[in-house]
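Chemist: okay, sequence plus prediction incoming.
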Amino acid sequence: MPIPRPDLQGDRVIAHVDMDCFYVQVEQRKQPKLRGLPTAVVQYNDWKGGALIAVSYEARKFGVKRSMRGAEAEMVCPNIQLVQVPVARGKADLNAYRSAGSEVVSILSTKGRCERASIDEVYLDLTDAAESMLLETPPAALEDIDEEALKSHVLGLSGDEDREKNVQRWFIRSDAIHQDRLLACGAIIVAHLRGEVLKETEFTCSAGIAHNKMLAKLASGMHKPAQQTIVPSSAVKDLLASLPVKKMKQLGGKLGSSLQNDLGVNNVGDLLKFSEEKLQERYGFNTGTWLWNIARGISGDEVKGRVLPKSHGCGKTFPGPRALKTAAAVESWLNQLCEELSERIQLDMDQNKRVAHTLTLHARAFKTSDVEPHKKFPSKSCPLRYGINKIQEDAKKLFDTGLREFLGSHSNAWRVTSLAISAGKILDTPRTSSISRFFQGKSLSSAISDASNDDIQDDAPSFSIGCKENIVPESDKDEEVFVHGKSVKEDDAPSKDRKIDVLCTQSRKQKDKGNGSILKFFSGTNTSTKHASNAPSSWSESLKGQDQRDHQEESLVDGHSRLGKISNQQRDSSWNFNAEDIDPSVIDELPEEIQREVRGWICSSKRAKTTKRGSSIFHYFTTDDNA
């Protein structure tokens, strides 16, 4: 159902760029000998020479149309060159055309916000570029205007003779309103872009330049090939007055037929006879308002700024006797479609760092009996799992579910005439980073030391208070470690995965929840016990003060007294902790409990310099002096 969107504030410059017979041009670039000859691209099958999907302008002069089959085209134009679309997995392979379309988009997107609408058409929002040009080098100040821009068709401009001179006068006239001056700048920009596309890709394209997407789309097809059309605001009424209803987007189906049959509206301009209330009463609030708007050339649709496709899909039709009759035949074709889809979404992830999240299956089918002849095969969706086998498995389940719903309680024979699967809800992958970014190029010990020098306060409630841990080095088999102050061989010590928890002496008999410590991010670091011994003496003094205030924490007192023996020559203050330098997005990637700990560091560096007993991150990295 159409949704009405009021015109956006301010004057906009929107262009719709449409490639000319794009599939034919791609084939002509591969085979230059085809240029200038009547040519058509055929999606081959064994019925009447295949279906025409693109027809060159040379072939159109002979009456060849896209609705024809290959054999029919040859009857109308015996010299026509029929080029077959590449085939992969028993169906048309459009990858060459998609890649060629991407070449064009990369050029067009250099001048403004770009929305790729299909393989061969693009919307551009050139408002900012046109405004800048109007301020710096307005058309009236140009000594020479691009020749391609002067070939523009300006709707409402009278006089077919000396059209280029009339267009030039329109570009540079002094009494032009601001809207028209912006359109003139936009037309010059589009002419330049079209020239770049031709130079870089050898493809021609046509364009429409207007104040909204709806009008730009209408204008781009008015003069083809390799031309552009401008729609000033003053020409909108006349344009729509003679535009057949069926030519307007979203009016080609039932809604357009209803306008013709029920209201006698044959041209879009005929809608001006009806009030907004009358249209709302007849077609509902949203559709009625939308019809009232389009009759006046009003559309607030934005150019969405998307150069990559919203979804990936592939399908296959099985007309007439080729309809699929068995579950095995359906599964075989689904497997091939899934292989193609898997390749495309994997390529998208590798090249564009995007991930698809939804798998959808569409099908068309009919029953051999007359029971519910108009019932449609339901579309089905599920979360998408990457991997060919997983996609195939899920697609088969979706089809089975849809088939059961389609057949209902009847066990009639069925036929499938179309299968398609698509991957949608494609989102950018989260930016991945490591906490090691905070310590890049610095020793772990100096990072810890400087953090403690700032009197960082640990606000995370889930960590043990007053806990002393050793950082155990990777060692030879006979390396000695200390567990609760006792020397043991590593062979007798707890397993490697539990070393940190065993080495932590808890105060107040509190159970250690070692899973949440930031320490696990450094467990794989080649860090020797000497690292922790680089702490400044200010830590030692601070910890000694804590020992004097709380004699009950015996293990902590022992750790502090040992730490007091550290030589001042071992201090390392080469790296300073600065909360302002930390990227918050990196913190968001950490587990929730670690996020709380790190945010505790940051918050405490901005608060009063007070330290809770045993709350410093230093307690997770202090070492036993006997180790």
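Modeler: Yes, it's here.
Chemist: C-alpha from now on. contacts and neighbour counts both.
Modeler: Will do.
Chemist: which parts of stretch 351-363 are buried?
Modeler: For stretch 351-363, a neighbour-count test (16 or more other Cα atoms under 10 Å) marks 354-356, 358-363 as buried.
Chemist: can you tell me the SS state at Leu52?
Modeler: With DSSP: H, G, I helix; E, B strand; the rest coil as the basis, the three-state label of Leu52 is strand.
Chemist: how much space separates it from Pro138?
Modeler: Distance, Leu52 to Pro138, using Cα to Cα, to the nearest Å: 45 Å.
Chemist: and these two? Which one has more around it.
Modeler: For Leu52 versus Pro138, the count of surrounding residues by other Cα atoms under 10 Å is larger for Leu52: 25 against 18.
Chemist: per-residue pLDDT of that one, please?
Modeler: pLDDT, Leu52: 93.
Chemist: nearest residue to it in space, please, no chain neighbours.
Modeler: Closest residue in space to Leu52, ignoring its immediate chain neighbours: Val42 at 4.5 Å, by Cα to Cα, 6 or more residues apart in numbering.
Chemist: list the buried ones in whatever helix or strand that neighbour lives in?
Modeler: Using DSSP states H and E, Val42 sits in strand 39-43. Neighbour-count burial for strand 39-43, counted by 16+ other Cα under 10 Å, picks out 39-43.
Chemist: and if you look at stretch 317-333?
Modeler: For stretch 317-333, by 16+ other Cα under 10 Å, it's 317, 323-324, 330-331, 333.
Chemist: who touches the helix or strand hosting Gln28?
Modeler: Using DSSP H and E, Gln28 falls within helix 22-30. If you take Cα atoms under 8 Å, 6 or more residues apart in numbering as the criterion, helix 22-30 is touched by 34-35, 39-41, 54-56, 83, 96-97, 100, 120, 202-203.
Chemist: format the buried residues of stretch 351-363 as CSV; extra columns: secondary structure.
Modeler: CSV is the format used below for those (three-state DSSP):
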residue, secondary structure
Arg354, strand
Val355, strand
Ala356, strand
Thr358, strand
Leu359, strand
Thr360, strand
Leu361, strand
His362, strand
Ala363, strand
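Chemist: can you redo these as a markdown table with distance to Asp348?
Modeler: Shown next, in a markdown table, are the buried residues of stretch 351-363 (distance: Cα to Cα, whole Å):
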| residue | distance to Asp348 |
| --- | --- |
| Arg354 | 6 |
| Val355 | 8 |
| Ala356 | 9 |
| Thr358 | 15 |
| Leu359 | 15 |
| Thr360 | 18 |
| Leu361 | 20 |
| His362 | 22 |
| Ala363 | 25 |
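Chemist: between those, which is nearest Ile294?
Modeler: His362 (31.9 Å; Cα to Cα).
Chemist: on that earlier part again, looking at pLDDT only, which of the buried residues of strand 39-43 scores worst?
Modeler: Scanning the buried residues of strand 39-43 for pLDDT, the low point is Gln43. It has 86.
Chemist: so what's that residue up against?
Modeler: Taking Cα under 8 Å, 6+ apart, we find Gln43 in contact with 50-53, 84-85, 92.
Chemist: ok, of those, which one's closest to Ile209?
Modeler: Ile53 (26.9 Å).
Chemist: wait, that closest one touches Met68, no?
Modeler: No: look at Ile53 against Met68 with Cα atoms under 8 Å: they stay out of range, at 9.2 Å.
Chemist: now list the buried members of the contacts of helix 22-30.
Modeler: 34, 39-41, 54-56, 83, 97, 100, 120, 203.
Chemist: got TSV for these, with distance to Pro4 too?
Modeler: Below are these laid out as TSV (distance: Cα to Cα, whole Å):
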residue	distance to Pro4
Leu34	45
Thr39	41
Ala40	39
Val41	38
Ala54	33
Val55	35
Ser56	37
Val83	42
Tyr97	34
Ala100	34
Asp120	26
Phe203	35
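Chemist: how about the residues you listed, which pair is most distant?
Modeler: Maximum distance among the buried ones among the contacts of helix 22-30 (Cα to Cα): 20.2 Å, for Leu34 and Asp120.
Chemist: picking up where we left off before, rounded mean pLDDT for the helix holding Gln28, please.
Modeler: The model assigns helix 22-30 a mean pLDDT of 97.
Chemist: equivalent analysis for stretch 343-351, please.
Modeler: Rounded mean pLDDT across stretch 343-351 is 94.
Chemist: okay, it in CSV with CA atoms only?
Modeler: Coordinates of each C-alpha in stretch 343-351 appear next as CSV, following Å, rounded to 0.1, in the frame of the first residue of the first chain:
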residue,chain,number,x,y,z
GLU,A,343,28.5,-18.0,-2.5
ARG,A,344,26.9,-14.6,-2.8
ILE,A,345,26.4,-13.9,0.9
GLN,A,346,29.9,-15.2,1.7
LEU,A,347,31.4,-12.9,-0.9
ASP,A,348,29.4,-10.0,0.5
MET,A,349,30.7,-10.7,4.0
ASP,A,350,34.3,-11.0,2.8
GLN,A,351,34.2,-7.9,0.6
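Chemist: contacts for that stretch, please.
Modeler: 312, 354-356, 423.
Chemist: tell me the pLDDT of Arg282.
Modeler: Reported pLDDT for Arg282: 94.
Chemist: residues making contact with the helix or strand encompassing it?
Modeler: Assigned by DSSP H and E, Arg282 belongs to helix 276-283. Helix 276-283 is contacted from outside by 286-289, 291-292, using Cα under 8 Å, 6+ apart.
Chemist: tell me the one of the buried residues of stretch 317-333 nearest Ile177?
Modeler: Thr317 (52.3 Å).
Chemist: and the pLDDT at that closest one?
Modeler: The predicted local confidence for Thr317 is 90.
Chemist: show me what contacts it?
Modeler: 417-419.
Chemist: restricted to strands, list those residues.
Modeler: Among the contacts of Thr317, the members falling in strands (DSSP state E) are 417-419.
Chemist: JSON lines for these, including neighbour count, distance to Gly253 and pLDDT?
Modeler: Formatted as JSON lines, the ones in strands among the contacts of Thr317 follow (neighbours: other Cα atoms under 10 Å; distance: Cα to Cα, whole Å; pLDDT from 0 to 100):
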{"residue": "Thr417", "neighbour count": "19", "distance to Gly253": "22", "pLDDT": "95"}
{"residue": "Ser418", "neighbour count": "17", "distance to Gly253": "21", "pLDDT": "96"}
{"residue": "Leu419", "neighbour count": "21", "distance to Gly253": "23", "pLDDT": "97"}
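Chemist: what's the closest of those residues to Lys224?
Modeler: When the ones in strands among the contacts of Thr317 are ranked by distance to Lys224 (Cα to Cα), Ser418 comes first, at 33.6 Å.
Chemist: once you drop chain neighbours, what's closest to that closest one?
Modeler: Thr317 is the one closest to Ser418 (Cα to Cα, 6+ apart), at 4.3 Å.
Chemist: could you break this protein into its assigned domains?
Modeler: The chain breaks down by the TED database into domains covering 14-20+97-242, 22-89, 244-298, 312-428.
Chemist: now those domains as TSV including distance to Gly305?
Modeler: Converted to TSV, the domains of the chain look like this (distance: least, Cα to Cα, whole Å):
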stretch	distance to Gly305
domain 14-20+97-242	5
domain 22-89	22
domain 244-298	21
domain 312-428	14
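Chemist: now the terminal residues of stretch 342-360, how far apart.
Modeler: OK, stretch 342-360 end separation, Cα to Cα: 13 Å.
Chemist: if we can go back for a sec, tell me which residues of the helix holding Arg282 come out buried.
Modeler: 276, 279-280, 283.
Chemist: re earlier: any chance of the buried residues of stretch 351-363 in a markdown table, with distance to Glu405 and pLDDT too?
Modeler: As requested, these are exported to a markdown table (distance: Cα to Cα, whole Å; pLDDT from 0 to 100):
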| residue | distance to Glu405 | pLDDT |
| --- | --- | --- |
| Arg354 | 33 | 95 |
| Val355 | 30 | 96 |
| Ala356 | 26 | 96 |
| Thr358 | 21 | 97 |
| Leu359 | 18 | 98 |
| Thr360 | 16 | 98 |
| Leu361 | 14 | 98 |
| His362 | 13 | 97 |
| Ala363 | 13 | 97 |
